[in-house]
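# Need coordinates for the following:
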Amino acid sequence: MLHSIDIEDIRKIAFEAGQEILKIYNQKFDIDYKLDSSPVTKADLVANQIICDRLQSLYPNIPIISEENQQIEYEVRKDWLYYWCIDPLDGTKEFIKKNGEFTVNIALIHKDTPVLGVVYIPVLGDIYSAKKGAGVYKNSKKLLPTISRSLDTLKVMVSKSHFSTQTQEFIKSFTTKKIVTISKGSSLKFCLIAEGLADIYPRLTPTMEWDTAAADAIVRESGKMTYQISTDKPLVYNKKDLHNPSFVVK
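Numbering: from 1, shown residues only. Purely as a prediction, here's the structure:
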């Protein structure tokens, strides 16, 4: 199945959704709230419609999980071999704040593992993409595997809108190195680690699978990994509960 997916098609879909998001971003827009009190805008819904329509047209036999769709019962999806995992606008809070740090995320999951990911940053015009076995690209440039740049400094990514006391305490445990924190919104944090511009990203506050899937695919193809903090095993997907446990990208 993976070999039949043209990642250029997925990049084009993310770009199209991102352009529609930008149109709304550059004008006045209303903010609504879901039952869990998280914000949602017209941009989330428009981007979701574009992505789902295009994916269903190109790959009608691959099911879709999206933040903005009605969720599918575990008994229906537990035996899926492949599925799309989408966050049409990751970083809605950053979108509302108009700081530009939001992304379009499209991932393909094989059983419980992300094997293809596209992350588009509309305001910057940058698009990261990866397909298992084919390397990581930023725009049209293939990124080379990287390691830490310094033996005595640790560059730690932290969430711009979800930086908790618990996360601060976790970072303090890295006592052997000088800590430099970099604050970013959305899945940008994963992408910067994949690119070698940061070393580690601990996340101890709640996330959902669609928040991480696309960027996680990019991280993994870059030679790095997203680990569950409690078990030190890789993060898995299509769980009965779509919430992620606490994790660290490194």
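
# And the longest helix seen in the chain, what's buried?
Counting residues, the longest helix found in the chain (DSSP state H) is helix 7-25. Residues of helix 7-25 classed as buried under the neighbour-count rule (16 or more other CB atoms under 10 Å) are 7, 10-11, 13-14, 16-18, 20-21, 24-25. For every residue, glycine as well, the C-beta is placed using N, CA and C.

# Same check on stretch 210-230?
210-222, 224-227.

# Could you do stretch 110-130 as well?
Using 16+ other CB under 10 Å as the test for burial, stretch 110-130 gives 110, 113-123, 127-130.

# and if you look at stretch 183-202?
The neighbour-count check on stretch 183-202 (16+ other CB under 10 Å) flags 184-196, 198-202 as buried.

# thought Thr181 was touching Thr153?
No. Assessed by CB atoms under 8 Å, Thr181 is found out of contact with Thr153, at 11.3 Å.

# Quick check: Ala213 touching Ala107?
Yes. The criterion here is CB under 8 Å, and Ala213 meets it with Ala107 at 3.5 Å.

# Need the residues touching each of those two.
Residues touching both Ala213 and Ala107 (CB atoms under 8 Å, 6 or more residues apart in numbering): 85, 114, 117.

# Would you check which pair of the buried residues of stretch 110-130 lies furthest apart?
Longest distance between any two of these is 31.0 Å, between His110 and Val123; criterion CB to CB.

# Give me the helix or strand of this structure that scores worst on average pLDDT.
Sorted by mean pLDDT, DSSP states H and E, the helices and strands of the chain end with helix 165-172, the least confident at a mean of 72.

# In the next helix or strand after that helix, which residues are buried?
Sequence-wise, the next helix or strand downstream of helix 165-172 (DSSP states H and E) is strand 178-184. Residues of strand 178-184 classed as buried: 182, 184 (neighbour count, 16+ other CB under 10 Å).

# Dump strand 178-184 to CSV, keeping only the CA atoms.
As requested, the backbone C-alpha atoms of strand 178-184 are provided in CSV (Å, rounded to 0.1, in the frame of the first residue of the first chain):
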residue,chain,number,x,y,z
LYS,A,178,23.4,23.6,29.9
ILE,A,179,19.7,23.9,28.9
VAL,A,180,18.5,26.2,26.2
THR,A,181,14.7,26.2,25.7
ILE,A,182,13.0,27.0,22.4
SER,A,183,9.3,27.8,22.5
LYS,A,184,7.2,26.9,19.4
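
# Other residues contacting that strand?
By CB under 8 Å, 6+ apart, the residues outside strand 178-184 that reach it are 101, 152-160, 163, 171, 192, 198.

# Please repeat the previous calculation with a cut-off of 7 Å.
Here strand 178-184 makes contact (CB atoms under 7 Å, 6 or more residues apart in numbering) with 101, 152-158, 160, 171, 192, 198.

# now swap in stretch 213-229 and tell me
85, 105-107, 109, 114-119, 128, 130, 132, 135-136, 143, 145, 187, 190-191, 193-194, 212, 233-235, 237, 245-250.

# And stretch 115-132, by the same measure?
Applying CB under 7 Å, 6+ apart, the set of residues contacting stretch 115-132 is 2, 5, 7, 10-11, 14-15, 18, 21-22, 100, 103-108, 136-139, 187-188, 191, 194, 213-218, 221.

# just to revisit the earlier point, who wins for most neighbours among the contacts of strand 178-184?
Neighbour counts for the contacts of strand 178-184 (other CB atoms under 10 Å) peak at Ala198, which has 25 neighbours.

# Alright, calling it a day.
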